[in-house]
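Peer 1: quick one, structure for this:
(chains A, B, C and D)
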There are 2 protein chains.
Amino acid sequence: MSTATQRAGQESGPWVDHALEQLSEAGYRRGGSRTRVVEMLGEQDCAITPLELDDRLDGVGRATVYRAIEQLEELGLVQRIDLGGDSAAYEKVDPRGHHHHHLVCNRCGRVIPFEDEDLEKAIHSLSTRDGFSIQSHEITLRGICADCS
Amino acid sequence: MSTATQRAGQESGPWVDHALEQLSEAGYRRGGSRTRVVEMLGEQDCAITPLELDDRLDGVGRATVYRAIEQLEELGLVQRIDLGGDSAAYEKVDPRGHHHHHLVCNRCGRVIPFEDEDLEKAIHSLSTRDGFSIQSHEITLRGICADCS
DNA sequence: TGAATAAATAAGAATGATTCTCATTTTATC
DNA sequence: GATAAAATGAGAATCATTCTTATTTATTCA
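Peer 2: All right, here's what the predicted structure looks like:
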């Protein structure tokens, strides 16, 4: 049960620290519940829905989860990801720019994260379009996963 | 009022015909309301939400709009697009593969469609990942539009 | 052409995610 | 420690989406 939490020094720590610091700088006071939301988001390797977060955080109100996500999104610390389900999901944004995108299986709904350097390059090479300054991007590929085909 | 409908021979026609044909081949009977939904989708140059469709189609029940979209999506004739609002939007899928992606302004919410050949190439060059066969893709860029900056 | 059959539909109820409200608890400041 | 303002939990309210059901309409076939 604690295996996932204990996987050798990963990246959740740094992001959590960074996020809490940014919240503080933005003028938000410390809040126990919000901190727990941030920590839980920091533990995830991929996107998670607000309701899942609420489920896993006993004693934290649902409204607080939604509020925390809203503030984090406002500061660019999490990114909303549409995976096609009933609700949106959110994922931490690495301050160093390292990130992944998603493959979604149209049959079983499975979500598989992937990275691709060429794709990132293609995105970055169009960083301005029609005077539009790009801050973030989201790519979702849909199809049939190996298990389903 | 009829200007939009009358804009010189565009692409709505072909898509509408194709969609109605596909629905028919899939075993669906003709339905006046569904046909109106298909025609309205065919007129759009970009994504539209189910509720907007329902608003514009007097006499067509909301459930019918949702059902039609569901069937069209099932057949790959429309694609769901997440533009960050309260509801998802849908857009016709060109049978010839021609399509665009979206820039969304984080400040005013404006949605600007764009096309980029290099990006398409980068996507196509990874058409199989981990045994995953890709059927469609969606790219959304977020930032600040020219008017807002 | 005129039943018979089953799909399509409209209207509104039901559901479920998200947002809002407000009384209470914490945090930061002094 | 006392005060002012933000953070929070609980539950109500809202809004998109789905479901239900009675009715209408499309197709089939005599």
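
Peer 1: note down every partner strand of the longest strand belonging to chain A and its orientation.
Peer 2: Longest among the strand segments of chain A by residue count, using DSSP state E, is strand A:132-144. Taking DSSP bridges as the criterion, strand A:132-144 pairs within the sheet with strand A:101-105 (parallel), strand A:128-129 (antiparallel), strand B:132-144 (antiparallel).

Peer 1: list the buried ones in it?
Peer 2: A:132, A:134, A:137-144 (16 or more other Cβ atoms under 10 Å in any protein chain shown). Where you see a C-beta, it was placed from the backbone N, CA and C, and this is true even at glycine.

Peer 1: check the strands paired with strand A:132-144 for me: which has the lowest mean pLDDT.
Peer 2: In terms of average pLDDT, strand A:128-129 trails the rest of the strands paired with strand A:132-144, at a mean of 74.

Peer 1: just the residues contacting that strand, thanks.
Peer 2: Outside strand A:128-129, the residues that touch it by Cβ atoms under 8 Å, 6 or more residues apart in numbering or on different chains are A:134, B:103, B:114, B:141.

Peer 1: if you set the cut-off to 6 Å instead, what comes out?
Peer 2: By Cβ atoms under 6 Å, 6 or more residues apart in numbering or on different chains, the residues outside strand A:128-129 that reach it are B:Phe114.

Peer 1: then stretch A:113-126?
Peer 2: Outside stretch A:113-126, the residues that reach it (Cβ under 6 Å, 6+ apart) are A:46, A:100, A:102-103, A:137, B:116, B:118-119, B:122, B:126, B:129.

Peer 1: which pair of those residues spans the longest distance?
Peer 2: Comparing every pair within the contacts of stretch A:113-126 by Cβ to Cβ identifies A:Cys46 and B:Asp118 as the most remote, at 27.4 Å.

Peer 1: secondary structure element holding A:Leu83?
Peer 2: For A:Leu83, there is no helix or strand it lies in under DSSP states H and E.

Peer 1: quick one: A:Leu41 and A:Lys92 touch, right?
Peer 2: Yes: here A:Leu41 lies in contact with A:Lys92, judged by Cβ atoms under 6 Å, at a distance of 5.4 Å.

Peer 1: what are the ranges of the strands in chain A?
Peer 2: With DSSP E as the criterion, chain A has strands at A:78-81, A:89-92, A:101-105, A:111-114, A:128-129, A:132-144.

Peer 1: and the second one, how far from the chain's centre?
Peer 2: On the basis of Cα atoms, centre = their mean, to the nearest Å, the separation between the geometric centre of strand A:89-92 and that of its chain is 2 Å.

Peer 1: ignoring the adjacent residues along the chain, who's closest to the residue sitting nearest the centre point of chain A?
Peer 2: Compute the mean C-alpha point of chain A, and by Cα atoms, centre = their mean the closest residue is A:Glu91, 0.5 Å away. Nearest-residue entry for A:Glu91: A:Ala47, 4.2 Å, with adjacent residues in sequence omitted and distances by Cβ to Cβ, 6 or more residues apart in numbering or on different chains.
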